[in-house]
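# structure of the sequence below:
(4 chains)
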Number of protein chains: 2
Amino acid sequence: MARAATTADAFNAVAEPRRRQILDALAGGERPVNDLVRQLGLGQPQVSKHLRVLREVGVVDVRDHGRQRLYRLNGRALKPIHDWIQPFQRSWSERFDELDAVLEDLKKEEGHAHDD
Amino acid sequence: MARAATTADAFNAVAEPRRRQILDALAGGERPVNDLVRQLGLGQPQVSKHLRVLREVGVVDVRDHGRQRLYRLNGRALKPIHDWIQPFQRSWSERFDELDAVLEDLKKEEGHAHDD
DNA sequence: TTGACATATGCCTATATGGGTATATGATTC
DNA sequence: GAATCATATACCCATATAGGCATATGTCAA
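All right, here's what the predicted structure looks like:
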């Protein structure tokens, strides 16, 4: 078997540095492809291909705007990564116990529904 | 150019599900290879190869113990992933602003040095 | 020292990658 | 409808993967 496709999941999609750069850029808001091409200093076809991967994994959305295509971050698709990595923080952060306690308090003191 | 090596960084190493499983298992403490082989239901050579990748990226450490080799998690090597993903949480978690405020308070109220 | 156990490495193959370059598709303007 | 701008796709290539299998290395026991 070969390596899993880059489009297999967010983990694989985001393993590529260029694609992380794209997401970092999109964190600042919706952007057309050419903006990203300039920011990355990479060829336009390459950027388009990276965007396709990110789109297939659901980490970005597209919207037509005249002759441009505006790409926008969909951070929720990154949640699995966050969820997986989160527990390991305990292993390097000494202050985590403290933070953990605070979070517990937050959950108890307030009865809100929440998504994380 | 081809895809970056799995040993290029933690992002690439951890893109493989089996390797994440291994790290999950090691979160419970030091384990010999055969334990992992059983838990993963994968061939022993395959597990050894995954462990090599994880070791090259610094995410696990090894220690000789008789004829066994005990592998142990080194979570700190996962910190870059955590650091990168963290800001995106804002984009899906409505409660993040609240949590953010709490963290700010923690930093101000206490003058400790800390590593996260 | 011979054999059993624990782990690592070598070799094989199918597969997909990321960048480069050329070109197709699609929208806008003149 | 022709020229132009914006983006996507097709094709080429070097590269390394993950698993399967055989085997090397290393350690302990009898």
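# helices of chain A, start to end?
For chain A, the helices defined by DSSP state H cover A:10-13, A:17-26, A:33-40, A:44-56, A:79-85, A:96-109.
# near DNA strand D, which residues of chain A show up?
Residues of chain A lying close to DNA strand D (CB under 7 Å from any atom of the strand) are A:1-4, A:32-34, A:37, A:44-45, A:47-49, A:51-52, A:62, A:67-69. Backbone N, C-alpha and C define where each C-beta goes, glycine included.
# the residues you listed also near chain B: which ones?
By CB under 8 Å from any CB of the partner chain, the members of the residues of chain A next to DNA strand D lying near chain B are A:3, A:4.
# what subset of the residues of chain A next to DNA strand D is buried?
Neighbour-count burial (16 or more other CB atoms under 10 Å in any protein chain shown) applied to the residues of chain A next to DNA strand D gives A:33, A:37, A:47, A:51.
# TSV for these, including pLDDT and distance to residue B:78?
Listed next are those as TSV, based on pLDDT from 0 to 100; distance: CB to CB, whole Å:
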residue	pLDDT	distance to residue B:78
A:33	97	32
A:37	97	32
A:47	97	28
A:51	98	27
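# in stretch A:24-38, what counts as buried?
A:25, A:26, A:31, A:33, A:35, A:36, A:37.
# hmm, back to that, nearest to residue B:73, out of the helices of chain A?
Across the helices of chain A, residue B:73 has its closest neighbour in helix A:79-85 (12.7 Å, CB to CB).
# which strands or helices does that closest one pack on?
helix A:10-13, helix B:79-85 (3 or more CB pairs under 8 Å, 6 or more residues apart in numbering or on different chains; DSSP states H and E).
# looking at these, which is buried most?
Of all the helices and strands packed on helix A:79-85, helix A:10-13 has the most neighbours on average by mean count of other CB atoms under 10 Å in any protein chain shown, namely a mean of 23.
# how about it, does it reach chain B?
Yes: judged by CB under 8 Å from any CB, helix A:10-13 and chain B are in contact via A:11, A:12.
# and the contacts of that helix?
Helix A:10-13 is contacted by residues A:4-7, A:19, A:53-54, A:56-59, A:77-78, A:80-81, B:14-15, B:17, B:20 when judged by CB atoms under 8 Å, 6 or more residues apart in numbering or on different chains.
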